[in-house]
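Asks: Dropping the sequence and predicted coords here.
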Amino acid sequence: MNVLIIEDEFRAANQLQNMLKQCGFQYHLADTIDTVEDAVKWFQTNEMPNLVFMDIQLADGLSFEIFQKVEVEAPIIFTTAFDQYAIQAFKVNSVDYLLKPIQKEDLQKALEKFNKSNSSQQIENSVLKQLLTSIQSQTEQKNAKKRNGLLVKEGAGFVQINIANLLYIYSEDSVTFGVTETKRYVIDETIDQLFSTLHQDEFYRINRGQIVAKRAIQKINPYFNHRVKLTVSNERDQEFIVSRQKTSDFKAWMNQ
């Protein structure tokens with residue numbers, strides 16, 4: 001049983017693998033991929049896997065873009081940090097999905113559903129359009145209801161800070177940190193979960209492990225392989241390099 005995981009959160013990919021083992025699911029990991037571009041290349045050069053776990057939001061865009069560039073003839077279980085993502089469309093077209101953080105019971109049910117089905121699931125263009133419309137609508141709603149506060153760890157307890165005070169957010173050794181002008185906080189959410197609730201006009205996810213506030217960016221410098229490197233307030237030994245796939249979109253975002 002060859003399984004392909006398309007997920008841009010290192011911790012989430014590892015947790016999924018561990019949970020599959022806990023469910024007693026026997027499989028061989030074909031690969032773990034974190035971008036639309038690399039996924040397209042993988043499908044073009046490798047045999048089709050038996051099952052694909054696919055995050056909806058990847059480092060360089062929405063995973064639905066993969067289907068517009070290459071034919072995927074494999075059953076797919078989507079994963080998403082959004083609470084209601086075109087659920088009806090998923091049900092009608094027998095495409096399964098899991099909400100993050102993934103629960104073992106939900107994964108077990110999805111695997112049972114997969115084991116009962118012997119046919120490949122292909123997604124029609126009309127379904128993709130419906131899913132994309134739902135995503136765009138939900139993103140607009142989330143941005144309209146701007147998240148102002150964030151619960152962070154402090155000592156043995158928690159405090160709430162103003163999101164407007166964050167300069168950047170990053171993930172290191174499976175821990176998410178948020179940095180202000182004066183302090184670094186531990187955040188009990190993944191980069192995926194957190195970014196989906198931030199105002200997209202003010203924060204940009206420059207790569208799979210870093211989110212930067214526009215107001216914190218002091219300078220943009222050319223970098224290797226058509227990327228750019230940022231000088232950011234209170235860097236704390238961090239390097240901020242915009243991934244190659246995101247460079248063009250990042251520049252457009254900065255000009256907004």
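Replies: Thanks, I have it. As the structure is a computational prediction, the values presented were derived from the model and not from experiment.
Asks: got the residue ranges for the helices in the stretch 51-200 of the chain?
Replies: 65-69, 87-92, 104-116, 125-144, 191-195 (DSSP state H, counting those that start in this stretch).
Asks: Please report the distance of Ile211 from Thr190.
Replies: As judged by C-beta to C-beta, to the nearest Å, Ile211 and Thr190 stand 11 Å apart. In short, each C-beta sits where N, CA and C put it, glycine included.
Asks: Over to Gln15?
Replies: For Gln15, the distance to Thr190 - C-beta to C-beta - is 9 Å.
Asks: So, low pLDDT: which residues of the stretch 101-250 of the chain?
Replies: The model of the stretch 101-250 of the chain has pLDDT under 70 over residues 118-147.
Asks: mind running it again at 50?
Replies: The model of the stretch 101-250 of the chain has pLDDT under 50 over residues 144.
Asks: any chance you could map the strands in it?
Replies: 149-154, 157-162, 168-172, 175-179, 184-187, 203-207, 210-213, 217-223, 227-232, 240-242 (DSSP state E, counting those that start in this stretch).
Asks: Please name every helix or strand in contact with the third one.
Replies: For strand 168-172, the helices and strands in contact under the criterion 3 or more C-beta pairs under 8 Å, 6 or more residues apart in numbering; DSSP states H and E are strand 175-179, helix 191-195, strand 210-213.
Asks: Adding mean neighbour count and distance to Ser117, write the strands of the stretch 101-250 of the chain out as TSV.
Replies: Listed next are the strands of the stretch 101-250 of the chain as TSV, based on neighbours: other C-beta atoms under 10 Å; distance: least, C-beta to C-beta, whole Å:
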stretch	mean neighbour count	distance to Ser117
strand 149-154	15	40
strand 157-162	11	43
strand 168-172	20	35
strand 175-179	19	36
strand 184-187	16	38
strand 203-207	23	34
strand 210-213	22	37
strand 217-223	13	46
strand 227-232	18	41
strand 240-242	20	40
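Asks: could those strands be laid out in TSV, adding distance to Gln26?
Replies: Shown next, in TSV, are these (distance: least, C-beta to C-beta, whole Å):
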stretch	distance to Gln26
strand 149-154	38
strand 157-162	40
strand 168-172	30
strand 175-179	31
strand 184-187	35
strand 203-207	33
strand 210-213	36
strand 217-223	43
strand 227-232	40
strand 240-242	39
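Asks: Which one, of the ones you listed, ends up nearest to Ile56?
Replies: strand 203-207 (13.8 Å; C-beta to C-beta).
Asks: What strands line up against the closest one, and which way round?
Replies: With DSSP bridges as the test, strand 203-207 is paired with strand 210-213 (antiparallel).
Asks: tell me how far the strand it pairs with is from the chain's mean position?
Replies: Here the centre of strand 210-213 is set off from its chain's centre by 14 Å, with C-alpha atoms, centre = their mean, to the nearest Å.
Asks: same thing with stretch 52-59?
Replies: 6 Å.
Asks: swap in stretch 156-172?
Replies: Per C-alpha atoms, centre = their mean, the centroid offset for stretch 156-172 relative to its chain is 19 Å.
Asks: do the same with stretch 209-220
Replies: Centre-to-centre, stretch 209-220 and its host chain are 19 Å apart (C-alpha atoms, centre = their mean).
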